[in-house]
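Q: What follows is a predicted structure for the sequence shown.
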Amino acid sequence: MLNFIIAQVFGGIALVILIISFQKNNKVNLLKYQMVSSLLYSVQYAFLGALPGCFMNLACMLRNFIFKKYQKVPLYLLLIVVFLMIILSMSTFNGFISLLPMFAVVFYSIALWGGNLKTIRLTEIVSCLLYIIYNIYVGAIIGLVATFIEMLGAMVAFYRFNIKNVQGIK
């Protein structure tokens, strides 16, 4: 029970830092905050004994560090990060549910690398759905709340920029 409570505290702090990250006005600062948030989420998952979630958040820290350094990330670096994500996920394989974080972060990383905002927003929604299932399964309550918030933000952005503008809705 103590591990569960500690995990939720780390998840809560990670959520606050994630929300702060979206208030940053440049990519470098946003990614710095998100690296800290990913570290705290990895600690949350570690306390829950959910190593796939832990390792994927650590891999996201690496991805964000690389994406912070380059205006356009070279393909070989993306492939290295994706390969690492897959290897880490396979090392903690414990049934199909344990693969959900990997699918979420690999799809999102590829979309982020591609740079198309519509694709990034759609991929974020799908990734959030995968993490919602995973968070319910492992008991990451605060992570679940954070994922709903992220998904809602992505859905609002998708509506504003990809549906409303296309349909000419004012």
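A: Looks like it came in fine. Numbers count the residues shown, from 1 in each chain.

Q: does Q44 really touch A14, like I thought?
A: Yes - the criterion here is C-beta atoms under 8 Å, and Q44 meets it with A14 at 6.4 Å. For the C-beta atoms, the positions are set from N, CA and C on the backbone; glycine is no exception.

Q: list residues touching both of the two?
A: With contacts defined as C-beta atoms under 8 Å, 6 or more residues apart in numbering, the residues adjacent to both Q44 and A14 are I142, G143.

Q: Closest to the centroid, which residue in the protein?
A: In the chain, the centroid-proximal residue (C-alpha atoms, centre = their mean) is V105; its distance is 6.0 Å.

Q: who touches Y134 in this structure?
A: A50, P52, G53, I97, L100, P101, A104, A140.

Q: What helix or strand is it located in?
A: Using DSSP states H and E, Y134 sits within helix 117-138.

Q: show me where pLDDT drops low in this protein?
A: Counting by pLDDT under 70, the ranges of the chain that qualify are 166-170.

Q: quick one, helices of it?
A: Counting by DSSP state H, one finds helices in the chain at the ranges 2-21, 27-47, 51-69, 75-91, 100-114, 117-138, 141-158, 165-167.

Q: contacting residues around the second one?
A: In this case it means helix 27-47. Taking C-beta under 8 Å, 6+ apart as the rule, helix 27-47 contacts 3-4, 6-8, 10-11, 13-15, 17-18, 20-22, 24, 51-55, 57-58, 60-61, 64-65, 67-68, 138, 140, 142-143, 146.

Q: on that earlier part again, make a ChimeraX selection of whichever of the contacts of Y134 turn out to be buried.
A: Of those, the buried ones go into a single ChimeraX selection, burial set by 16 or more other C-beta atoms under 10 Å:
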select :50,52,53,100,101,104,140
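
Q: For T119, state which of the contacts of Y134 is nearest.
A: Closest to T119 out of those is A104 (14.7 Å), distances taken as C-beta to C-beta.

Q: Next, count neighbours for L62.
A: Other residues near L62 number 16, with proximity taken as other C-beta atoms under 10 Å.

Q: Quick one: residues contacting it.
A: The neighbourhood of L62, defined by C-beta under 8 Å, 6+ apart, consists of V81, L84.

Q: Over to L48?
A: With contacts taken as C-beta under 8 Å, 6+ apart, L48 has the following neighbours: N3, F4, A7, V138, G139, A140.

Q: Excluding covalently adjacent residues, which one is nearest to the second one?
A: Pointing back at F4 there. If the residues on either side of it in the chain are set aside, F4 comes closest to G139, at 6.6 Å by C-beta to C-beta, 6 or more residues apart in numbering.

Q: Also N94?
A: Beyond its immediate neighbours in the sequence, the residue positioned closest to N94 (C-beta to C-beta, 6+ apart) is P52, lying 7.4 Å away.
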